[in-house]
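Trainee: need a 3D model of the sequence below.
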Amino acid sequence: MDKFSPTLRSGDLSDFIAPSQACVVSLKKSAPNRILSKKPPQKVTTSNNLQTEPVRISLKDCLACSGCITSAETVMLEKQSLDEFLSNISTGKAVIVSVSPQSRTSLAVHFGLSPIQAVRKLTTFLKSLGVKAVYDTSCSRDIALIESCKEFVSRYRQRQATDDKSSKPPLPLLSSSCPGWICYAEKQLGSFILPYISSVKSPQQIIGAAIKHHLCNRMGLRPDDIYHVTVMPCYDKKLEAAREDFVFQLEFQEECQENVTTEVDSVLTSGEILDLIQLKAVDFQALEESPLDKMLTNVDEEGHLYGVPGGSGGYAETLFRYAAKTLFGRDIQGPLDFRTIRNYDFQELTLEVEGKTVLKFLLCYGFRNLQNIVRKVKTRQCDFHFVEVMACPSGCLNGGGQIKPIPGQSPKELIKLLESAYMENVLVADPFENPLVKVLYEEWLEQPGSDKAKKYMHTGYHPIVKSITSELNNW
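Mentor: Numbers count the residues shown, from 1 in each chain. Next up, the predicted model:
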């Protein structure tokens, strides 16, 4: 593990800042679930005092639901490490870095800066290493939100237009930007849940598609001339970037060393960026603030960042406002009235028209809450129209790849600081009015929901048979 960053060498490889939840893979029906990690092999004593050999879980087997996903295998992590990032800078490729708003917030809180200061200083730092451009994924998130709005309204209208239950598109629409949730759905839940999941790619993969399929042409580069790195709040994003769905065939193959490339070549977490800053012995707070690269960054002429509120992407809020206006002519201004049902990570939002509930949305964070929704969907007792799903309690700001609390600081205290700083000096803006997004549709995607948009901005999901199944069944 010497070639990995200190983040990956530490023993706390967890998808959550808070203590990791138990692994949801049941090793034996009569035994409790266990967290599986890369510790020295030990025999397991079951409830009836029988000793058995430990089950070895590969990256393919893992559900990406807890800490073990980041320590399950080293092969993929070698390709997504700081050493790999630094080595690609020296290859002559154009290295482009896309930073998530959650990661810039993590850096901002850690160094006592505003998010705009943090991303400007990060731009200075990365370009001093040889990075060509640094973008912000709020722009690609706006595309994800627009495509999700169109998808939801289309499903809702189709359900209202027919009485034939067999031809009705399934609701609730479940958000798809969380890779831990997607892995869990594909590997554990199977085909019954997949039709409910939004086909829209995550902001990470959307910006990857924009760079490799469109922006490279603007820059006079081929896709394989670019090494695209994202900075994300969660280790599962590494797994997402490696999905076969996001590998594409290159044109003019005879001129290329390889026939295929990926939308995102590597993912670094917020914590790994901090490791890199410390590795280079840089006084981050003293760095100058560079202008932001505007080609794919939500920054206005005055230098202000803009985007949507919501530390996990604002899917429920954005879709709710759009659906209320598009379907029912209700232009909702001001804060939305989310109602806490079971806990802070389980909040409901409704719209009533003439005494009837016509829209019912839900924020559902953390696997305990998620499993309740899955059971309701499976038994056809779920009356929500849309569910914003995140695997981590408190959502993406609490991702396992975020910078850890400083000594003397509790995880809850850190989360409050992150939530408070997330929209600090960031202007709230309508994704549909984003000038960068309008240009991308005009030059490339044509219009929201078009065939081109579906080709590049949407994806599919597949039930995955785990190789560990036979081993578990033999226990």
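
Trainee: biggest helix in the chain, by residue count?
Mentor: helix 138-161 (DSSP state H).

Trainee: local confidence estimate at Thr162?
Mentor: Thr162 is assigned 78 on the pLDDT scale.

Trainee: who's in contact with the longest strand seen in the chain?
Mentor: Counting residues, the longest strand in the chain under DSSP state E turns out to be strand 356-365. Outside strand 356-365, the residues within contact range by Cβ atoms under 8 Å, 6 or more residues apart in numbering are 172, 312, 316, 319-320, 323-324, 327-328, 338, 345-352, 370, 373, 383-395. For every residue, glycine as well, the C-beta is placed using N, CA and C.

Trainee: just the buried subset of those residues, written out for PyMOL, thanks.
Mentor: Those of those that count as buried under 16 or more other Cβ atoms under 10 Å are selected in PyMOL with:
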select buried, resi 172+312+316+319+320+323+324+327+338+345+346+347+348+349+350+351+370+373+384+385+386+387+388+389+390+391+392+393+394+395
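
Trainee: so which of the contacts of strand 356-365 sit within helices?
Mentor: Reading helices off those with DSSP H, I get 316, 319-320, 323-324, 327-328, 370, 373.

Trainee: return the member of these nearest to Asp225.
Mentor: Leu319 (36.6 Å; Cβ to Cβ).

Trainee: residue ranges in the stretch 251-400 of the chain under the pLDDT threshold?
Mentor: Flagging of the stretch 251-400 of the chain using pLDDT under 70 yields the residue ranges 251-258.

Trainee: out of the ones in helices among the contacts of strand 356-365, flag the one nearest to Gln285.
Mentor: Ala316 (35.3 Å).

Trainee: what residues are up against the nearest residue to the closest one once chain neighbours are set aside?
Mentor: Take Ala316 and drop its neighbours on the chain: the residue closest to it by Cβ to Cβ, 6 or more residues apart in numbering is Glu388, 4.0 Å away. Going by Cβ under 8 Å, 6+ apart, Glu388 touches 175, 312-313, 315-316, 361-364.

Trainee: state the next helix or strand along the chain beyond the longest helix of the chain.
Mentor: The C-terminal neighbour of helix 138-161 among helices and strands, as given by DSSP states H and E, is strand 173-174.

Trainee: other SSEs contacting that next one?
Mentor: helix 138-161, strand 386-390 (3 or more Cβ pairs under 8 Å, 6 or more residues apart in numbering; DSSP states H and E).

Trainee: so how far is it off the chain centroid?
Mentor: 15 Å (Cα atoms, centre = their mean, to the nearest Å).

Trainee: for the next helix or strand along the chain from it, packing partners?
Mentor: Once strand 173-174 ends, the next helix or strand along the chain (criterion: DSSP H and E) is helix 179-184. Secondary-structure packing of helix 179-184 (3+ Cβ pairs under 8 Å, 6+ apart): helix 236-241, helix 367-378.

Trainee: between those, which one is closest to Cys149.
Mentor: helix 367-378 (21.1 Å).

Trainee: chain center to that closest one, what's the gap?
Mentor: 20 Å.

Trainee: same deal with stretch 268-279?
Mentor: Distance, centroid of stretch 268-279 to centroid of chain: 19 Å (Cα atoms, centre = their mean).

Trainee: buried residues in it?
Mentor: For stretch 268-279, by 16+ other Cβ under 10 Å, it's 268-277.

Trainee: adding secondary structure, write those residues out as TSV.
Mentor: Supplementary listing: those in TSV, determined by DSSP: H, G, I helix; E, B strand; the rest coil:
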residue	secondary structure
Leu268	strand
Thr269	strand
Ser270	helix
Gly271	helix
Glu272	helix
Ile273	helix
Leu274	helix
Asp275	helix
Leu276	helix
Ile277	helix
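
Trainee: tell me which two of these sit farthest apart.
Mentor: Largest pairwise distance in these, by Cβ to Cβ, is 13.0 Å, between Thr269 and Ile277.

Trainee: which stretches of the stretch 101-250 of the chain have low pLDDT?
Mentor: In the stretch 101-250 of the chain (pLDDT under 70), no residue qualifies.

Trainee: chain center to the longest helix of the chain: distance?
Mentor: Going by Cα atoms, centre = their mean, the spacing between the C-alpha centre of helix 138-161 and its chain's C-alpha centre is 18 Å.

Trainee: neighbours around Val439, how many?
Mentor: Residues near Val439, counting by other Cβ atoms under 10 Å, number 11.

Trainee: that older thread, now, of the helices and strands packed on helix 179-184, which is deepest in the fold?
Mentor: With neighbours taken as mean count of other Cβ atoms under 10 Å, the helices and strands packed on helix 179-184 reach their highest mean count in helix 236-241, at a mean of 26.

Trainee: okay, it in CSV with CA atoms only?
Mentor: Only the C-alpha atoms of helix 236-241 are listed here, as CSV (Å, rounded to 0.1, in the frame of the first residue of the first chain):
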residue,chain,number,x,y,z
ASP,A,236,-17.4,5.1,-4.7
LYS,A,237,-16.9,7.7,-7.4
LYS,A,238,-13.7,5.8,-8.3
LEU,A,239,-15.9,2.8,-8.9
GLU,A,240,-18.4,4.8,-11.0
ALA,A,241,-15.7,6.1,-13.3
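
Trainee: which SSE is immediately downstream of it?
Mentor: Downstream of helix 236-241, the first helix or strand assigned by DSSP H and E is strand 247-249.

Trainee: helix or strand right after that following strand?
Mentor: strand 260-262.

Trainee: list the contacts of that following strand.
Mentor: 208, 212, 223-224, 241-242, 246-250.

Trainee: go on, stretch 371-383?
Mentor: By Cβ under 8 Å, 6+ apart, the list of residues contacting stretch 371-383 reads 24, 172, 174, 189, 192-193, 196, 342, 360, 362, 364, 384, 387, 389.

Trainee: mind checking which of these are buried?
Mentor: 172, 174, 189, 193, 196, 360, 362, 364, 384, 387, 389.

Trainee: count of neighbours near the residue nearest to Gly310 when sequence neighbours are not counted?
Mentor: Counting by Cβ to Cβ, 6+ apart, Gly310 lies nearest to Glu317, which is 5.6 Å off, once chain neighbours are set aside. The criterion is other Cβ under 10 Å. On that basis, Glu317 has 21 neighbouring residues.

Trainee: next up, the contacts around Glu317.
Mentor: Neighbouring residues of Glu317 by Cβ under 8 Å, 6+ apart: 308-310, 336, 349.

Trainee: which of those residues fall in helices?
Mentor: Short answer: the contacts of Glu317 have none in helices (DSSP H).

Trainee: so which of those residues wins on neighbours?
Mentor: Val308 (23 neighbours).

Trainee: tell me the phi and psi of the nearest residue to it once chain neighbours are set aside?
Mentor: Spatial nearest neighbour of Val308, chain neighbours left out: Gly314 (3.9 Å); criterion: Cβ to Cβ, 6+ apart. Per-residue torsions, Gly314: phi 70, psi 30 (degrees, to the nearest 10).

Trainee: could you check how far Gly355 is from Tyr461?
Mentor: Distance from Gly355 to Tyr461, counting by Cβ to Cβ, to the nearest Å: 38 Å.

Trainee: look at these two and report which has more neighbours.
Mentor: Neighbour count, other Cβ under 10 Å: between Gly355 and Tyr461, Tyr461 has more, with 18 against 5.
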